[in-house]
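In: need coordinates for the following:
(one chain, ligands or ions: 4)
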Amino acid sequence: MRRAMVTLTLVFGLAVLAWSQESVRDTAHNLSVTGPGAVRAVSETRVCIFCHTTHNAVFQAPLWNRESPGGSYQMYWSETMDAYGSSGEAPQPNGSSKLCLSCHDGTIALGSTVSSGRIEMRGGITTMPSTSESNLGRDLSGDHPVSFTVTDHLVTTNNSKGDVPLRSVSEMRNHPLAKLDEENRIQCTTCHDPHRDPYGNFLLTAKPGELCIACHS
Ligand code: HEC
Ligand code: HEC
Ligand code: HEC
Ligand code: HEC
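Out: Ligands and ions are numbered 1, 2, ... in the order given. Okay, here's the model as predicted:
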């Protein structure tokens, strides 16, 4: 019985692996030598290695293969925010958002991995090119707030003040598009799937507006 479970898990894991490999390959997140974009490696053929360690990852929370960026970010804040009371109180990026920012804030070399050292990129590229729109820098104050926890208390406070109404946490959780993480935090992965890009910008839908009304009504 135990062995059957192990076999099943293995088969499932390999299926997930094959699925991910299939989809990541055609996106800007394939940074291997076979990648479709301008940003790619000189000779590295492994696709997942830029974000995950090799042996791994498939069976539970994936093992990140990147150093976390240090230092602090300017986070979004406004007078009508209820999740935190000032820009200084905004939580710094955490969870999977830190992984995104380890490339997208433009401070860490794209080819820098924990398990395989520095992978050489074509054209002498190291960090995210400053000319790329994908280089977000450290100032995230113009971007949707991330890395705070959504609670029913937050929803009630927001709605009782007459701000743009928020749906309940369970409605957010049950929505097929928007994804809160396991601690009910909003992350970059709430709106983006780094493995698939059928609609552009790794968004989960062709109509970003649909995403917003998953939580704002
Ligand atoms: C550009 C970075 C990046 C690349 C490249 C990448 N992943 Fe991921 N992967 C992530 C992030 C970020 C998460 C966490 C998603 C979350 O927390 O919702 C993740 C999560 C996963 C998970 C857990 C299930 C899930 O979807 O959340 C699996 C399995 C996985 N990745 C497999 C792969 C495989 C296999 C490859 C190579 C074909 C790959 N990934 C390439 C960033 C990447
Ligand atoms: C290993 C480095 C790396 C990680 C980690 C990473 N990205 Fe990227 N991402 C890139 C590169 C390189 C590009 C292409 C930039 C370019 O060509 O200008 C890109 C492009 C994008 C784009 C723009 C796509 C387009 O069509 O132009 C989005 C959106 C994006 N990434 C979101 C994310 C999110 C969200 C995460 C975390 C879940 C993430 N990325 C993690 C390297 C990374
Ligand atoms: C609430 C949804 C949402 C969250 C959360 C979110 N994004 Fe986006 N992102 C979008 C949408 C929608 C676009 C499409 C362009 C636009 O409307 O700005 C986008 C565009 C992008 C782009 C393309 C370049 C650009 O600025 O247009 C990158 C790179 C990106 N996001 C990375 C991230 C990262 C990294 C995080 C986490 C720190 C994140 N996003 C969090 C919705 C989101
Ligand atoms: C997973 C749920 C979720 C999704 C999806 C989502 N939001 Fe939000 N958004 C929130 C929560 C929760 C807050 C925090 C509200 C507060 O603290 O008052 C917020 C805050 C905001 C704010 C700042 C409000 C203020 O008072 O300053 C804006 C603007 C915003 N969202 C726009 C968008 C847009 C546009 C989209 C779609 C691209 C989107 N949101 C998608 C949950 C979400």
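
In: neighbours around the nearest residue to Ile186 once chain neighbours are set aside, how many?
Out: For Ile186, the nearest residue in space outside its immediate sequence neighbours is Val146; the separation is 5.3 Å by CB to CB, 6 or more residues apart in numbering. C-beta here means a position set from N, CA and C on the backbone, and glycine is covered the same way. The criterion is other CB atoms under 10 Å. On that basis, Val146 has 26 neighbouring residues.

In: Val146 reaches Pro93, doesn't it?
Out: Yes - under the contact definition of CB atoms under 8 Å, Val146 touches Pro93, with a separation of 6.3 Å.

In: now the common contact residues for the two.
Out: Applying CB atoms under 8 Å, 6 or more residues apart in numbering, one finds that Val146 and Pro93 are jointly contacted by 75, 140.

In: helix/strand/coil for Gly123?
Out: For Gly123, the reduced secondary structure class is helix; criterion used: DSSP: H, G, I helix; E, B strand; the rest coil.

In: part of a strand, is Cys100?
Out: No - assigned with three-state DSSP, Cys100 falls outside any strand and is helix.

In: which stretches in the chain count as strands?
Out: Using DSSP state E, the strands found in the chain span residues 112-113, 117-118.

In: just say which of those is most tucked in.
Out: Looking across the strands of the chain with neighbours counted as mean count of other CB atoms under 10 Å, the highest average goes to strand 112-113: a mean of 20.

In: what pairs with that strand, parallel or antiparallel?
Out: Using DSSP bridges, strand 112-113 pairs in its sheet with strand 117-118 (antiparallel).

In: hmm, the partner strand in reach of ligand 2?
Out: No - under the criterion of CB under 6 Å from any ligand atom, ligand 2 is not reached by strand 117-118; the shortest gap measures 12.3 Å.

In: no more questions from me, cheers.
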